[in-house]
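Trainee: Fold the following and give me the result.
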Amino acid sequence: MNALEVSNLTVSYDKKPVLEKVAFTVPEGSITGIIGPNGAGKSTLIKSILRLLPTISGDVQVLGKPYAKQKKVIGYVPQRSEVDWDFPTNALDVVLMGRYRHIGMFKRAGKKEIAWARTCLQKVGMLEYADRQISQLSGGQQQRVFLARALAQNAKVYFMDEPFSGVDAATEKAIIKLMKEWKEEGKTVVVVHHDLQTVEDYFDHVLLLNKQPIQFGETQTVFTLENLEKTYGGKIAFLQKAPTLEKESL
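Mentor: Residues are numbered from 1 along each chain as shown. Predicted coordinates:
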């Protein structure tokens, strides 16, 4: 079964199309990167898939069913810049928010839920900060708390919007370790990503996007200099591992 099927997805702001006829299929148990220049619509794509933004046309299927019927099996890690980090709550409460779809929005978390949330914090190295206000955490620590919240959701399909942006090396390692664990468990991860040098190490599949899909497929096939130049609209410096190409830094 495919984890995600997007067909003919079109989104516009103020009657101006920002995504046009996006279509791709993500196999279950894989890690997919969404790659493209600034303004290409990468975050817009994820938000429209999750129905956080309205669409003009298109269809989204998650594990063979419409998105509306699969909300409980979907996890989402937004960009850090979109979170109100001054909101008066601690790390444990943020993680417990990941259980609301299971326990109900207005029900109090029981001992079992709290124990699970603490386990998720421990898994990302943040248990000692469980009672710390989120505004008092560093950027990397805040991102780890949101990873723990995603873990608490116990989803089957995860969407992550620029999870590596502005984090320290240790947090980046923690994120990719978690992504690979999810994959080993048969779960699926879709990630908006900007660092071209890590694409081949992190992703099984890649969607190259610039307001419309340029290419989608297995990373080793699609992630080429030619396709990247089409995506970014011109020549770019690109670190290519293949020995036939000269290595350049971005």
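Trainee: Quick check, central residue of this protein?
Mentor: Note on the chain: the residue nearest the mean C-alpha position is Met160, at 1.4 Å, using C-alpha atoms, centre = their mean.
Trainee: roughly how far is the helix or strand where that residue lies from the heart of the chain?
Mentor: Following DSSP states H and E, one finds Met160 within strand 157-161. Averaged C-alpha coordinates place strand 157-161 at 3 Å from its chain's average position (C-alpha atoms, centre = their mean, to the nearest Å).
Trainee: who's in contact with that strand?
Mentor: 3-4, 43, 46, 49-50, 62-63, 70, 73-79, 82, 150, 175, 179, 182, 187-192 (C-beta atoms under 8 Å, 6 or more residues apart in numbering). Quick note: C-beta positions are derived from backbone N, CA and C, even for glycine.
Trainee: Let's see which of those end up in strands.
Mentor: Counting by DSSP state E, the part of the contacts of strand 157-161 found in strands is Ala3, Leu4, Val62, Ile74, Gly75, Tyr76, Val77, Thr188, Val189, Val190, Val191, Val192.
Trainee: farthest pair in these?
Mentor: Val62 and Val192 (17.4 Å; C-beta to C-beta).
Trainee: I'd like the ones in strands among the contacts of strand 157-161 as CSV, with neighbour count and distance to Val199 appended.
Mentor: Formatted as CSV, those follow (neighbours: other C-beta atoms under 10 Å; distance: C-beta to C-beta, whole Å):
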residue, neighbour count, distance to Val199
Ala3, 24, 19
Leu4, 23, 19
Val62, 24, 24
Ile74, 20, 24
Gly75, 23, 22
Tyr76, 20, 22
Val77, 23, 18
Thr188, 26, 17
Val189, 28, 14
Val190, 24, 14
Val191, 24, 10
Val192, 25, 12
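Trainee: returning to what we had before: mind checking how far the residue nearest to the centre of the chain is from Glu185?
Mentor: 16 Å (C-beta to C-beta, to the nearest Å).
Trainee: so what pLDDT did Ile114 get?
Mentor: At Ile114, the pLDDT value in this model is 89.
Trainee: What residues of the helix or strand hosting it count as buried?
Mentor: Per DSSP H and E: Ile114 is located in helix 111-123. Within helix 111-123, the residues scored as buried using 16 or more other C-beta atoms under 10 Å are Glu113, Ile114, Trp116, Ala117, Arg118, Cys120, Leu121, Lys123.
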